[in-house]
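1. can't give you the sequence, but here's the structure:
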């Protein structure tokens with residue numbers, strides 16, 4: 001083989017590798033990246049995510065129903081990471097988060113999903129967690145991970161997932177506690193709320209419905225939630241005649257009670 005032919009063959013192989021690496025669903029990749037960008041912008045701006053997380057969750061559910069979990073081959077590593085980010089923030093539907101986790105698991109061995117992404121979502125949806133990525137500020141200076149299985153093997157698991165050491169991670173997370181610490185908050189109750197499936201709260205003109213019962217005031221709602229030990233609610237206003245003062249009282253009461261609240265459009 002002449003040098004010229006060898007040179008042309010190398011060029012051909014390079015082109016083939018490049019094309020092989022291109023995602024098979026580039027339009028879907030672009031959509032996922034755009035949604036992830038909106039997700040991050042809303043959080044950095046410290047504004048309510050009610051108009052972001054709800055539509056994103058619905059669209060991601062539709063994507064999974066149509067294609068399965070977006071793999072590296074389908075949408076590229078960045079597109080798959082964007083899809084994971086949306087699932088990670090879909091706390092209002094822990095069933096869906098766990099479904100995503102189950103879809104990702106076999107893809108790990110195939111090199112079609114990232115173990116680091118899987119690790120964060122696993123910890124988000126399990127107690128005890130496995131990689132110590134989830135926790136809570138216990139003071140304005142200190143972040144603390146939730147309970148973690150097999151502490152002796154934690155360093156190896158974090159390393160395998162491409163995560164930093166726990167000491168480095170804690171130092172990094174300590175930085176969010178200056179503004180993220182909520183005095184009087186219960187780490188145990190927050191964790192229970194995060195892992196619960198939650199209940200839908202439908203606010204209408206003639207009452208507030210939850211868990212098969214209807215009450216008339218936000219105060220009665222708080223009492224019912226306490227009796228039922230409900231720690232996560234999804235609030236939906238179904239009538240324009242419902243005054244925003246009512247919603248405000250529900251939010252304020254829920255926050256004081258340590259109940260996680262999300263809005264459903």
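-> That came in fine, so what should we check first? All values reported here derive from a predicted model rather than from experimental measurement. Numbering: from 1, shown residues only.
2. Identify the residues contacting residue 162.
-> When contacts are counted by Cβ atoms under 8 Å, 6 or more residues apart in numbering, residue 162 touches 114, 115, 116. Where C-beta positions appear, they are placed from N, C-alpha and C, glycine not excepted.
3. Give me the buried subset of those residues.
-> In those, burial by neighbour count holds for 114, 116, counting by 16 or more other Cβ atoms under 10 Å.
4. what about the stretch 101-250 of the chain, any weak spots by pLDDT?
-> Applying pLDDT under 70 to the stretch 101-250 of the chain picks out residues 184-186.
5. Which parts of it are helices?
-> In the stretch 101-250 of the chain, the helices defined using DSSP state H, counting those that start in this stretch lie at 115-125, 154-160, 166-174, 177-180, 187-195, 218-228, 244-256.
6. Can you list the neighbours in contact with the second one?
-> What it means is helix 154-160. Outside helix 154-160, the residues within contact range by Cβ under 8 Å, 6+ apart are 115, 119, 130, 131, 132, 148, 150, 164, 165, 166, 169.
7. same question, the third one
-> Here helix 166-174 makes contact (Cβ under 8 Å, 6+ apart) with 132-133, 135, 141-145, 154-155, 158, 163-164.
8. re the thing from before, return the member of the contacts of helix 154-160 nearest to residue 264.
-> Closest approach to residue 264 among the contacts of helix 154-160 (Cβ to Cβ): residue 119, at 28.7 Å.
9. Tell me how many other residues surround that closest one.
-> 21 (other Cβ atoms under 10 Å).
10. Give me the neighbour count for residue 94.
-> Neighbours of residue 94 (other Cβ under 10 Å): 17.
11. From residue 203, how far off is it?
-> Residue 94 sits 22 Å away from residue 203 when distances are taken as Cβ to Cβ, to the nearest Å.
12. next one: residue 36
-> If you measure residue 36 against residue 203 using Cβ to Cβ, the figure is 31 Å.
13. would JSON lines of the helices of the stretch 101-250 of the chain with distance to residue 72 be doable?
-> Converted to JSON lines, these look like this (distance: least, Cβ to Cβ, whole Å):
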{"stretch": "helix 115-125", "distance to residue 72": "11"}
{"stretch": "helix 154-160", "distance to residue 72": "18"}
{"stretch": "helix 166-174", "distance to residue 72": "25"}
{"stretch": "helix 177-180", "distance to residue 72": "33"}
{"stretch": "helix 187-195", "distance to residue 72": "29"}
{"stretch": "helix 218-228", "distance to residue 72": "42"}
{"stretch": "helix 244-256", "distance to residue 72": "40"}
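14. Nearest to residue 45 among those helices would be which one?
-> Here helix 177-180 is closest among those (Cβ to Cβ), at 14.0 Å.
15. Understood, closing this out.
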